[in-house]
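In: Provided below are the primary sequence and the corresponding predicted coordinates.
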Amino acid sequence: MTLEEFRRILPDRLRAIWLQASGVKCGQGVRVGAGSRLEGPGSFAFGDRVHLECDVYLKCVSRGAALDVGRRTFLGNGVEFDLALPCIVGDDVLIAPRVFVTDHHRVEGTGLIPELGVEEAPVLIEPGAWVGAHAVILKGVRIGQGAVVGAGAVVTRSVANFEVVAGVPAKHVRWRYGETAAGLEPTNAVKDERVV
């Protein structure tokens with residue numbers, strides 16, 4: 001039996017203990033599904049009761065990259081984060097299966113792909129947000145507190161607190177609590193200074 005096969009048969013909580021032994025910061029009650037991987041030279045931190053379903057792939061491609069996931073946050077089956085910068089996911093966030101999040105991409109231009117530069121801008125997902133299955137969140141996007149991103153949406157601009165967006169590219173659909181929601185103040189928003 002290979003090491004990877006052994007890790008796949010471990011219960012979810014034992015996988016979290018395995019991560020802690022590898023230097024990953026894990027709060028109490030963290031669960032990590034089979035086939036989930038953390039990769040790269042960056043750092044990872046998970047708050048209490050974070051749940052990663054099966055085959056979640058979290059990649060920090062540079063030493064400055066970091067993923068800080070808040071308490072009671074859920075990452076669905078096959079979610080992927082591809083990070084070059086620090087990224088914060090707030091408390092009580094639900095990220096549905098097969099969501100892709102990245103904070104960098106190649107710059108447009110002529111020439112071969114390896115010759116093109118890379119643009120980077122941090123991603124922030126605030127507390128209570130919900131990201132639907134198969135959505136894509138691109139560089140520089142802030143998903144506001146309590147916001148909803150529809151399934152399959154491609155998010156290229158920031159989403160306000162309690163805003164519902166959908167489509168390709170994602171566009172405003174409505175406010176979660178009527179037209180007054182735009183003026184609601186976040187109750188426990190992630191502080192921007194957490195992003196270094």
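Out: Yes, it's here. Numbering: from 1, shown residues only.
In: The spatially closest residue to residue 166 that is not a sequence neighbour: neighbour count?
Out: Counting by Cβ to Cβ, 6 or more residues apart in numbering, residue 150 is the residue found nearest to residue 166 once chain neighbours are left out, at 3.0 Å. Yep, even glycine has a C-beta here, placed from its N, CA and C like the rest. Residues near residue 150, counting by other Cβ atoms under 10 Å, number 19.
In: doesn't residue 132 make contact with residue 150?
Out: Yes. Contact criterion Cβ atoms under 8 Å: residue 150 and residue 132 qualify, at 5.0 Å.
In: joint contacts of those two?
Out: Shared contacts of residue 150 and residue 132, defined by Cβ atoms under 8 Å, 6 or more residues apart in numbering, are found at residue 166.
In: name the helices or strands packed onto the longest helix along the chain?
Out: Longest among the helix segments of the chain by residue count, using DSSP state H, is helix 12-21. Contact here means 3 or more Cβ pairs under 8 Å, 6 or more residues apart in numbering; DSSP states H and E; on that basis helix 12-21 packs against strand 25-26, strand 31-32.
In: So what's the predicted local confidence for the closest residue to residue 132 other than its chain neighbours?
Out: Distance criterion Cβ to Cβ, 6+ apart; nearest residue to residue 132, sequence neighbours excluded, is residue 151 at 3.5 Å. Listed pLDDT for residue 151 reads 97.
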